[in-house]
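>>> curious how this folds, go ahead:
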Amino acid sequence: MKIILANYRYYVSGGPEIYMFNVKRLLEDAGHTVIPFSVRSPLNEDTPYSRYFPHGKSESGDAYFSNVKKTPKNVARLLSCAFYNREAYENLRRLIRDERPDVVYVLQQINALSPSIFKACHDEGVRVVHRLSDFNIMCPRSDFLCNGEVCTACINGDYSKAADMSCCHGSRATTAVRIASMKFHRRKRLFDYVDAFVCPSAFTASLLEKSGVPEEKINVVPTFTMAPSLFEDGPTAGKYSLYLGRISPEKGVDLTVGAAMCNSGVRLKITGRTDDEYAASIKAAVEEAGISDRVDFVGFVKGEEKERLIDGAACVLCPSTWFENMPNTVLEAYAHGKPVVVFDIGCMPELVENGETGSVLPLGDVDALSKTIAFYLENPDEARRQGMNGRNKVLTKYTPQNHLEKLEAILDPACAKKED
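Presented below is the predicted three-dimensional model:
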């Protein structure tokens, strides 16, 4: 197949882009031709197709709203990207006419390419498949959070609570623009042009169906990961528990620190940047409690440093208190033969088998979290057993080949016609 792969960034800034480059490589290795489509940015990877890329939110190519200078020209671009990016529509139509792809696979498009690209595919008669990396088509904030609490009030298109709470960036004006754009997309039925949706988890699929998307358009295709080689005798016994992720309120880092405070047997390493106000408050709480000798903030890690940290852990913590889509943290831990500790919320019970590949705890239960961490530290054989169960899942369920086969069946117009 010839596939156009569309995403609002053509450089790595987070999980969606890691997936984008991984799946691009996966598809190309399988013999498919993959053509990128994104917005212009000085950070983009080189590609001969950049001449088709439309402008994004700003003249500088900055992808982040908070960094965009609010000049009249940039404000006009911001509004275009939020509602209907006409340049993206026209450029994608031109790319489709020039390359004649079999399908367009869209990852993130929000506030950059915009849903105008779905209509471009429809108008050129090309199948379009959209993968959800977050909840942006269902929630103005994209994360189902309101004042730090899970909220699904907007899922059916009633955005009155979001307006009342100024959910987006704490700004009434920004929230009003976001709500207006979502209403515009619903009124123009732009998402109706999507032939199939891909969700990384069954939980996300259930939310999408609740939002009004027909069940027959929804497909569950879990993310994939690679399993590294292990020592001959399996994973090593860990000396600490590892929080792997960013330091933010919805990720449950405060609860993790609380677990260390109430159990002197808990040793903890925390990854993530510590240069913002929230992270600084977490570090201050650790120092005030006098547990700095047991709680180590290791900063942002990647590559071999991250691999070593996971290998040295007794368990990996993913204590999110919000709806995760499908966190890579869980699969990374499994790949290294480590059990994962999560709360009973969102897709987590779908990913973690309680007592078999990790522990699923009552939401927000710090005491249970503390005891579970201590259990894995004190029982390395059980930690190893559960971790190896998780690794077996990576080797059987979350493989690149499984992902490829499921995705090909959705992308291929011929397969789709057979299913119809």
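
>>> show me the contacts for the residue nearest to Glu87 when sequence neighbours are not counted.
Distances taken as CB to CB, 6 or more residues apart in numbering put Pro54 closest to Glu87, at 3.9 Å, once the chain neighbours are dropped. Every residue, glycine included, has its C-beta placed from N, CA and C. Contacts for Pro54 (CB atoms under 8 Å, 6 or more residues apart in numbering) come out as 39-40, 85, 87-88, 90-91, 113.

>>> can you select the buried ones from those residues in ChimeraX?
Here is the ChimeraX selection string for the buried members of the contacts of Pro54, based on 16 or more other CB atoms under 10 Å:
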select :39,40,85,87,88,91,113
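
>>> so, low pLDDT: which residues of the stretch 301-420 of the chain?
415-420 (pLDDT under 70).

>>> which SSE is the residue nearest to Glu87 in?
Counting by DSSP states H and E, no helix or strand carries Pro54.

>>> before we move on, back to that, and of the contacts of Pro54, the nearest to Asp365?
Leu113 (41.3 Å; CB to CB).

>>> ok so that closest one is a helix residue?
No - assignment of Leu113 by DSSP: H, G, I helix; E, B strand; the rest coil gives coil, placing it outside any helix.

>>> so what's it closest to, chain neighbours aside?
With CB to CB, 6+ apart, the residue lying closest to Leu113 is Ala88, at 4.6 Å.

>>> so how far is Gly258 from the residue lying closest to Phe144 once chain neighbours are set aside?
In space, and not counting its chain neighbours, Phe144 is closest to Phe323: 5.0 Å by CB to CB, 6+ apart. Computed as CB to CB, to the nearest Å, the Phe323 to Gly258 distance reads 22 Å.

>>> who has more neighbours, the two?
Neighbour totals were compared for Phe323 and Gly258, and Phe323 leads with 22 against 18 (other CB atoms under 10 Å).

>>> so who does that one touch?
135, 143-144, 150, 203, 207, 345-347.

>>> quick check: which element contains it?
Residue-wise, Phe323 maps onto no helix or strand under DSSP H and E.

>>> ramachandran coordinates for it?
phi -80, psi 100 (degrees, to the nearest 10).

>>> likewise Pro101?
Per degrees, to the nearest 10, the backbone of Pro101 is at phi -70, psi 160.

>>> just the strands in the stretch 151-300 of the chain please.
Counting by DSSP state E, counting those that start in this stretch, the segments of the stretch 151-300 of the chain that form strands are 196-199, 218-220, 240-243, 268-271, 295-299.

>>> and those as JSON lines, adding mean pLDDT, distance to Glu287 and mean neighbour count?
As requested, those are arranged in JSON lines below (pLDDT from 0 to 100; distance: least, CB to CB, whole Å; neighbours: other CB atoms under 10 Å):
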{"stretch": "strand 196-199", "mean pLDDT": "97", "distance to Glu287": "42", "mean neighbour count": "22"}
{"stretch": "strand 218-220", "mean pLDDT": "97", "distance to Glu287": "44", "mean neighbour count": "17"}
{"stretch": "strand 240-243", "mean pLDDT": "96", "distance to Glu287": "17", "mean neighbour count": "24"}
{"stretch": "strand 268-271", "mean pLDDT": "95", "distance to Glu287": "13", "mean neighbour count": "23"}
{"stretch": "strand 295-299", "mean pLDDT": "93", "distance to Glu287": "9", "mean neighbour count": "16"}
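
>>> pipe those strands into TSV and attach distance to Asn22 per row.
Formatted as TSV, the strands of the stretch 151-300 of the chain follow (distance: least, CB to CB, whole Å):
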stretch	distance to Asn22
strand 196-199	14
strand 218-220	18
strand 240-243	23
strand 268-271	21
strand 295-299	24
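
>>> closest to Gln108 out of those strands?
The nearest among the strands of the stretch 151-300 of the chain, by CB to CB, is strand 196-199 at 12.6 Å.

>>> contacts for the closest one?
127, 129-132, 205, 208, 213, 217-221, 407, 410, 416.

>>> out of these, which is nearest to Glu305?
Checking those one by one against Glu305 (CB to CB), the nearest turns out to be Arg131, at 29.3 Å.

>>> check the gap between the closest residue to the closest one other than its chain neighbours and Ala409 for me.
Spatially, and ignoring its direct neighbours in sequence, Arg131 is nearest to Val198 (4.0 Å; CB to CB, 6+ apart). Distance, Val198 to Ala409, using CB to CB: 11 Å.

>>> for Asn44, which non-adjacent residue is closest in space?
In space, Asn44 is closest to Tyr10, 4.2 Å off (CB to CB, 6+ apart).

>>> which secondary structure state does that neighbour sit in?
With three-state DSSP as the basis, Tyr10 sits in coil.

>>> all further residue positions should be reported with the first residue as 49.
OK, 49 is where the count begins now, so the last one is Tyr58.

>>> the domain parsing of the chain - what is it?
Annotated domains of the chain cover 50-272+448-467, 288-444 [automatic domain parsing].

>>> looking at those, which is buried most?
domain 288-444 (a mean of 19; mean count of other CB atoms under 10 Å).

>>> pLDDT on stretch 210-220, on average?
Taken as a whole, stretch 210-220 has an average pLDDT of 91.

>>> what's the first-to-last distance across it?
9 Å (CA to CA, to the nearest Å).

>>> who's in contact with it?
113-114, 188-189, 194-195, 201-202, 209, 222-224, 226-227.

>>> please convert those residues to CSV, extending it with distance to Val71.
Shown next, in CSV, are the contacts of stretch 210-220 (distance: CB to CB, whole Å):
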residue, distance to Val71
Phe113, 26
Ser114, 29
Pro188, 28
Arg189, 26
Cys194, 32
Asn195, 35
Ala201, 33
Cys202, 29
Lys209, 35
Thr222, 32
Thr223, 33
Ala224, 35
Arg226, 28
Ile227, 32
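
>>> all set now, cheers.
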